[in-house]
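Engineer: Got a predicted model here, sequence first, then my questions.
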Amino acid sequence: MPSDPQAPGFARRTAIVGIGQTGYLRKSDREEGDLALEAVRRAAADAGIELAEIDGIVRYSQDRVHEADLAGSLGLSLRYHGQVGFGGQSVCAVIGQAAAAIHAGLARVVVCYRALNGRTGARYGRAERSLEDEGNGVFRAGGLRVPSGALSAPYGLLAPGQVMALWARRYAHESGIGIDVLSSALARIAIDQRDYATRNPAAVMGAKPLDLATYQAGRMLADPLRLHDFCLETDGAAALILCDSERARSISPHPVYVEGATQALYAEAMEVYSELINGPDHRARARALFAACGGRTARDIDVAMLYDATTIMVLMQLEGYGFALPGRAWEAVIERGIGVDGVLPVNTSGGQLSEAYVHGMNLVLEAVKQLRGTATTPVPGAQTALVGAAGASSLVLAR
Amino acid sequence: MILPEITPLTAPYWAGARERKLRLQSCRACANVWHPPSPGCPRCGSPDYQWIDAAGTGQLHSFAVIQAAAHPAAQGRLPLVVALVRLTEGPLFLCNLLGCAPEDVRVEMPVRLDFEALTPEIVLPQFRPLG
Ligand SMILES: [Zn+2]
């Protein structure tokens, strides 16, 4: 049983006061550094602070925009900078580290960002970025646990989404359902998220409603997962700014407090050999996180952003975070969906399936918008939001 | 063709595969058996391990039928059954399922070890249906 996931006194000591995003596009025609600058400038303007007040940066280690370049381009004088390993699975830990740095007095105003040309640059759904081209049609794969590693790429397993196809079939088996039933649940997730996207002008897929026939006609990419089970590939950037709560109240009409954040490595989400992300360890860790956030439970979460590289991740996280019984989320989703009146409103911007793929940072921004009451599909009365990256990192935010 | 990078840690594994053996690490301190290779025991942290030959049996834990390649080098092999096998020794093992049409694959089906030579030096441990 995990112990308290964070030090006492962490909750509500820091808050998100600014958010900024670029346009989410298939082709930005801009450098990633330029995208990062725009998102950070917009976040600072949203917060109503001068750029020079930013004295900390926390970013994903996978971001190709170096903190020194960003600081140099914005004239920042930093007291603290840090990176969190990996990509999207670390999104909540990036925010958690920023909050911890402020709480510890290492910095006063910290910016977090993710900038990527995910369609025209390094594509995370493909293996070109990870295989070494030795010429004469020979490619070399390294690493032992990752998709496209030495023990998987020679077998044709090359992308995280293909690992999730393995999860999907195992989930159906353990839940005692056929692939046809599983597909009904996954379709509902894809369709409901697309429905959210149609109300979100920033969503890449906002003009393309999705119905069941279109979902079913989607090409099978990694059976049992089809085209619409997979996230988008996006060029764009998103950023947010945190500061201590006292300052937040003085500058923001709607500070969004960091209640708690956790990080894990035991379940590195994209690992080839990992257990399913709805297991007992995940559920215990989620309960401990919610309890540390002012004695909450899953019932106190009004809206959730669940990392959606694929639909199956969303389905399993509903169980992993305790919103559905183990092995039963498929049933709840088929009956009620994930719309505003569903099992739980999930990925209300359209998420990474239908808004944009920004390694989860857009999901955090959407959680902030929900708690500010400015989301394009508002969840009435939303007080508490979860951002979940499959248990590899998790974040609870509240008004 | 996609070939594995071979490191000092994994050299015994690939040497075993050339001799048509699936080699796993086994902890001398706690008897844990694991895969993929790592320099210490995932259960107790001991660096004192030996390589053992797997029995070559297991059950299909899960599978996916890859129908869209994520790299041009995999394009010519589609559709491709990628499978996770729960080895009799305990660890999960990633492979292709040989000798079985995609529509006949079943989770939990018993499987047995086989091998596929990519080059004279690189042999992949594989699995196929038992019997
Ligand atoms: Zn051991």
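Structural biologist: Now that the structure is in, tell me what you want to look at. Numbering: from 1, shown residues only, chains lettered A, B, ... in the order given.
Engineer: Can you tell me who A:Phe230 pairs with across the strands?
Structural biologist: Using DSSP bridges, the bridge partners assigned to A:Phe230 are A:Thr310.
Engineer: Now do the contacts for it.
Structural biologist: A:Gly125, A:Gly161, A:Leu221, A:Ala309, A:Thr310, A:Leu353 (C-beta atoms under 8 Å, 6 or more residues apart in numbering or on different chains). Backbone N, C-alpha and C define where each C-beta goes, glycine included.
Engineer: Hmm, A:Ile19 and A:Lys369 touching each other?
Structural biologist: Yes: taking C-beta atoms under 8 Å as the contact criterion, A:Lys369 and A:Ile19 are neighbours in contact, 7.4 Å apart.
Engineer: Can you work out which residues contact both of those two?
Structural biologist: Overlap between the contact sets of A:Lys369 and A:Ile19, as judged by C-beta under 8 Å, 6+ apart, is nil.
Engineer: Which of the two has more residues huddled nearby?
Structural biologist: In this view A:Lys369 and A:Ile19 are compared by other C-beta atoms under 10 Å in any protein chain shown, and A:Ile19 has more residues nearby, 25 against 22.
Engineer: pLDDT wise, what is that one at?
Structural biologist: For A:Ile19, the model assigns a pLDDT of 98.
Engineer: For burial, what's the neighbour tally of residue 109?
Structural biologist: Here I'm looking at chain A. Using other C-beta under 10 Å, the number of residues around A:Val109 comes to 25.
Engineer: other chain: chain B
Structural biologist: Per other C-beta under 10 Å, the neighbour tally for B:Met109 reads 16.
Engineer: Nearest residue to it in space, please, no chain neighbours.
Structural biologist: Across the structure, with C-beta to C-beta, 6 or more residues apart in numbering or on different chains as the measure, the residue nearest B:Met109 apart from its sequence neighbours is B:Leu60 (4.8 Å).
Engineer: In three-state terms, label the one you found for me.
Structural biologist: With DSSP: H, G, I helix; E, B strand; the rest coil as the basis, the three-state label of B:Leu60 is strand.
Engineer: So which other helices or strands are in contact with the helix or strand hosting A:Ala43?
Structural biologist: Assigning secondary structure by DSSP states H and E places A:Ala43 in helix A:32-47. Contact analysis of helix A:32-47 by 3 or more C-beta pairs under 8 Å, 6 or more residues apart in numbering or on different chains; DSSP states H and E lists strand A:14-21, helix A:67-74, strand A:109-117, strand A:235-244 as its packing neighbours.
Engineer: Give me every residue in chain B lying close to the ion.
Structural biologist: Where proximity means C-beta under 5 Å from the ion, the interface of chain B facing the ion comprises B:Cys27, B:Ala29, B:Cys30, B:Asn32, B:Cys41, B:Arg43, B:Cys44, B:Ser46.
Engineer: distance of A:Leu186 from chain B?
Structural biologist: 14 Å (C-beta to the nearest C-beta, to the nearest Å).
Engineer: looking at this, that residue is in a helix?
Structural biologist: Yes: assignment of A:Leu186 by three-state DSSP places it within a helix.
Engineer: show me what contacts the residue sitting nearest the centre point of chain A?
Structural biologist: Relative to the mean C-alpha position of chain A, the nearest C-alpha, by C-alpha atoms, centre = their mean, is the one of A:Gly360, at 2.6 Å. The contact partners of A:Gly360, taken as C-beta under 8 Å, 6+ apart, are A:Gly88, A:Val91, A:Cys92, A:Arg114, A:Met305, A:Tyr307, A:Gln352, A:Val387, A:Ala389.
Engineer: Skipping adjacent residues, who's closest to it in space?
Structural biologist: Leaving aside its sequence neighbours, A:Gly360 sits nearest to A:Val91 (C-beta to C-beta, 6+ apart; 3.3 Å).
Engineer: Off-centre distance for the helix or strand that that neighbour is a member of?
Structural biologist: A:Val91 is part of helix A:91-103 when elements are defined by DSSP H and E. Centre-to-centre, helix A:91-103 and its host chain are 15 Å apart (C-alpha atoms, centre = their mean, to the nearest Å).
Engineer: List the buried residues for that helix?
Structural biologist: In terms of neighbour count (16 or more other C-beta atoms under 10 Å in any protein chain shown), helix A:91-103 has its buried residues at A:91-103.
Engineer: pLDDT on that helix, on average?
Structural biologist: With pLDDT averaged residue by residue, helix A:91-103 scores 97.
Engineer: any idea of the angle that helix forms with strand A:14-21?
Structural biologist: Using axes from the mean of the first three to the mean of the last three C-alpha atoms, to 10 degrees, the inter-axis angle of helix A:91-103 relative to strand A:14-21 is 130 degrees.
Engineer: C-alpha coordinates for helix A:91-103, CSV please?
Structural biologist: Output for helix A:91-103, consisting of C-alpha atoms alone and laid out as CSV, is shown next (Å, rounded to 0.1, in the frame of the first residue of the first chain):
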residue,chain,number,x,y,z
VAL,A,91,3.1,15.7,-17.9
CYS,A,92,1.7,15.8,-14.4
ALA,A,93,5.1,15.4,-12.9
VAL,A,94,6.3,18.5,-14.8
ILE,A,95,3.6,20.5,-13.1
GLY,A,96,4.3,18.8,-9.8
GLN,A,97,8.0,19.6,-9.9
ALA,A,98,7.2,23.2,-10.6
ALA,A,99,4.8,23.4,-7.7
ALA,A,100,7.4,21.7,-5.4
ALA,A,101,10.1,24.1,-6.5
ILE,A,102,7.9,27.1,-5.6
HIS,A,103,6.8,25.4,-2.3
